[in-house]
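Asker: Quick one, what's the 3D model for this:
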Amino acid sequence: MTILTVPHAQRTAQSVGRGVDVTLTNVRLVLDDRVVDDATIVVRDGIVEAAGWVAHAPPDAIDGHGLFCLAGLVDTHSDGFEKELRPRPNVVLPVDFALRSFESRVRGAGVTTVFHGVAFENGSKYDRSVALAHELCDAITKRRSESDARVDHHILYRLDVRDADGLDALDARLRERHGDLLIDDVPLVSAEDHPPGVGQYTDRSYYERYVAGTKGLDPDEAKAYIDQIVVDRDDKLDNADRAFSWLAQHAHAGTIRLMGHDPTSSVEIDAAVDRSVSIAEFPTTVEAARRARERGMRTVSGAPNVVRGGSHSGNVSASELVAMRLCDGLSSDYMPTTLLGAVGVLVADGVCDLPTAVGLVTSGPADTVGLTDRGRLQVGKRGDLVLVAFDERLPTVHLVVAANDRIAPTPIGLRPPFRPIRPETGNQ
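Answerer: This is a model prediction of the structure:
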């Protein structure tokens with residue numbers, strides 16, 4: 001397979017400034033439907049210029065030693081920045097330091113595009129506040145604009161629909177930054193409702209055990225604590241109605257891209273479609289995921305669910321949804337390394353082949369959030385690349401290239417041998 005050079009005139013908005021120049025040879029390209037062995041990929045100005053067989057690689061080309069070459073991973077829901085900020089109880093790091101620190105973790109996991117979850121709510125069990133939400137958004141926006149950013153940073157605006165302060169703050173934030181919400185980079189918003197007995201914690205016993213463990217309560221105290229949460233949230237149903245109306249208005253107008261968080265049933269999916277929700281995030285049942293597919297919604301499941309072998313809160317297995325072709329993409333949720341970990345598990349367990357598994361963390365998420373310039377090893381796409389080895393189900397990242405890198409990578413550190421992933425992937 002030979003792919004010719006992209007004319008320089010075609011390199012437009014996909015490349016901001018001058019991007020990285022790099023050539024990788026002797027790699028196994030993981031494409032949408034197959035793996036191409038002994039291949040070469042050429043990136044110029046941060047854009048893929050050639051992929052496949054190249055007659056004459058430049059002398060500075062990096063020998064990939066037969067490693068798998070994937071498009072850079074796209075993570076549409078990451079709460080890791082929030083966790084990096086508070087690594088231990090009563091320890092809060094400076095926001096800018098925490099973001100740089102987490103950026104390194106993300107990059108090391110092969111992620112080159114990340115949507116940081118920022119919660120617009122007050123007084124939650126996670127010490128979230130609208131003031132902190134603004135601070136995190138400011139830090140992410142600033143870092144995204146800096147030339148030495150190691151990944152492409154985006155924001156996932158998480159709205160607790162029963163929190164009036166959260167809705168007011170989110171509305172003000174988007175209007176302040178983008179005028180009347182008419183922007184090219186459409187904000188990604190997740191509508192979330194987390195009372196016990198709904199969504200992720202449909203079986204509230206899981207929530208009671210979680211609270212007991214995190215707050216040091218006995219079972220009776222945990223039950224009483226949850227009972228009070230139910231009462232408090234029931235008092236805020238009017239806020240939810242107002243939030244859903246605001247979300248539906250802007251999603252229908254196309255000024256936000258709207259996710260529905262933790263749908264549990266066909267009824268909830270149908271209601272979400274009526275509100276112009278286009279993405280079902282973490283469906284908790286096969287019924288919800290299947291109905292989402294029938295109604296034309298995209299679906300996102302959690303990579304930690306795949307790696308652990310099931311949901312931590314008693315919901316549907318993400319691997320089951322992948323096997324049923326009811327999952328369009330995986331997100332890291334709270335642990336970036338689980339994205340490639342999930343790829344290894346899905347292939348080793350025979351749930352799907354390697355190109356399908358890789359698509360769940362690259363092209364699938366990119367398509368879900370409308371980033372059509374990345375997620376595939378194709379001419380004209382962003383030159384975000386990952387070289388990875390799989391020891392059975394265990395991944396090791398050996399090299400990451402991001403389109404906007406200012407320093408080209410060197411072959412230092414790439415040393416054979418590498419044990420192949422099993423079972424065989426039907427290479428070509």
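
Asker: Give me the pLDDT value at the most far-flung residue of the chain relative to its centre.
Answerer: The outermost residue of the chain, judged against the average C-alpha position, is Asp220 (37.0 Å), by CA atoms, centre = their mean. At Asp220, the model reports a pLDDT of 73.

Asker: Point me to the helix or strand that includes it.
Answerer: helix 219-234 (DSSP states H and E).

Asker: What is the subsequent helix or strand relative to that helix?
Answerer: helix 237-253.

Asker: now that next one, how far from the centre of its chain.
Answerer: 24 Å (CA atoms, centre = their mean, to the nearest Å).

Asker: packing partners for that helix?
Answerer: helix 164-178, strand 188-192, strand 257-261 (3 or more CB pairs under 8 Å, 6 or more residues apart in numbering; DSSP states H and E). For the C-beta atoms, the positions are set from N, CA and C on the backbone; glycine is no exception.

Asker: how much space between Ala57 and Ala402?
Answerer: Distance, Ala57 to Ala402, using CB to CB, to the nearest Å: 21 Å.

Asker: Likewise for Val347?
Answerer: 25 Å.

Asker: cool, Ser265 as well?
Answerer: Applying CB to CB to Ser265 and Ala402 gives a distance of 40 Å.

Asker: And these two? Which one has more around it.
Answerer: Ala402 (23 against 15; other CB atoms under 10 Å).

Asker: Excluding chain neighbours, give the residue nearest to His154 in space.
Answerer: Phe115 (4.5 Å; CB to CB, 6 or more residues apart in numbering).

Asker: Now do the helix or strand hosting the one you found: which elements does it pack against?
Answerer: Assigned by DSSP H and E, Phe115 falls within strand 111-120. In terms of contacts (3+ CB pairs under 8 Å, 6+ apart), strand 111-120 is packed against strand 73-78, helix 80-85, helix 130-145, strand 152-160, helix 164-178.

Asker: Measure how buried Ala172 is and give me the count.
Answerer: Neighbour tally, Ala172, other CB under 10 Å: 12.

Asker: I misspoke; the intended subject was Phe97.
Answerer: Other residues close to Phe97 by other CB under 10 Å number 12.

Asker: part of a helix, is it?
Answerer: Yes: membership of Phe97 in a helix is supported by DSSP: H, G, I helix; E, B strand; the rest coil.

Asker: gap between it and Val151?
Answerer: 16 Å.

Asker: And for Phe390?
Answerer: For Phe390, the distance to Val151 - CB to CB - is 22 Å.

Asker: cool, Ala224 as well?
Answerer: 43 Å.

Asker: which stretches of this structure aren't confidently modelled?
Answerer: 1-17, 124-125, 177-184, 194-216, 225-237, 313, 410-428 (pLDDT under 70).

Asker: Can you tell me which helices and strands the one helix or strand Leu321 maps to packs against?
Answerer: Per DSSP H and E: Leu321 is located in helix 318-323. Counting contacts by 3+ CB pairs under 8 Å, 6+ apart, helix 318-323 is packed against helix 286-294, strand 298-302, helix 303-308, helix 338-348.

Asker: Count the residues that sit near the nearest residue to Leu330 once chain neighbours are set aside.
Answerer: Nearest non-adjacent residue to Leu330, counting by CB to CB, 6+ apart: Ala303, 4.3 Å away. Ala303: 30 surrounding residues under other CB under 10 Å.

Asker: do Ala222 as well
Answerer: Neighbours around Ala222, by other CB under 10 Å: 21.

Asker: again with Pro59
Answerer: Neighbour tally, Pro59, other CB under 10 Å: 6.

Asker: buried stuff in the helix holding Leu321?
Answerer: 318-322 (16 or more other CB atoms under 10 Å).

Asker: Give me the most central residue, this structure.
Answerer: Asp75 (1.9 Å).

Asker: Correct me if wrong: it contacts His116.
Answerer: No: contact between Asp75 and His116 fails when scored by CB atoms under 8 Å: they sit 9.2 Å apart.

Asker: Please parse the protein into its domains.
Answerer: Using automatic domain parsing, the domain parsing of the chain gives 8-71+377-401, 73-368.

Asker: JSON lines for those, including distance to Ile407?
Answerer: JSON lines is the format used below for the domains of the chain (distance: least, CB to CB, whole Å):
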{"stretch": "domain 8-71+377-401", "distance to Ile407": "8"}
{"stretch": "domain 73-368", "distance to Ile407": "9"}
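
Asker: Please identify which of these is closest to Pro409.
Answerer: domain 8-71+377-401 (5.9 Å; CB to CB).

Asker: and Pro58, helix, strand or coil?
Answerer: Going by three-state DSSP: Pro58 is coil.

Asker: where's it relative to Ala408, distance?
Answerer: 11 Å.

Asker: ok, the spatially closest residue to Met324 that is not a sequence neighbour - how many residues close by?
Answerer: Leaving aside its chain neighbours, Met324 sits nearest to Val286 (7.0 Å; criterion: CB to CB, 6+ apart). With neighbours defined by other CB under 10 Å, the count for Val286 comes to 14.
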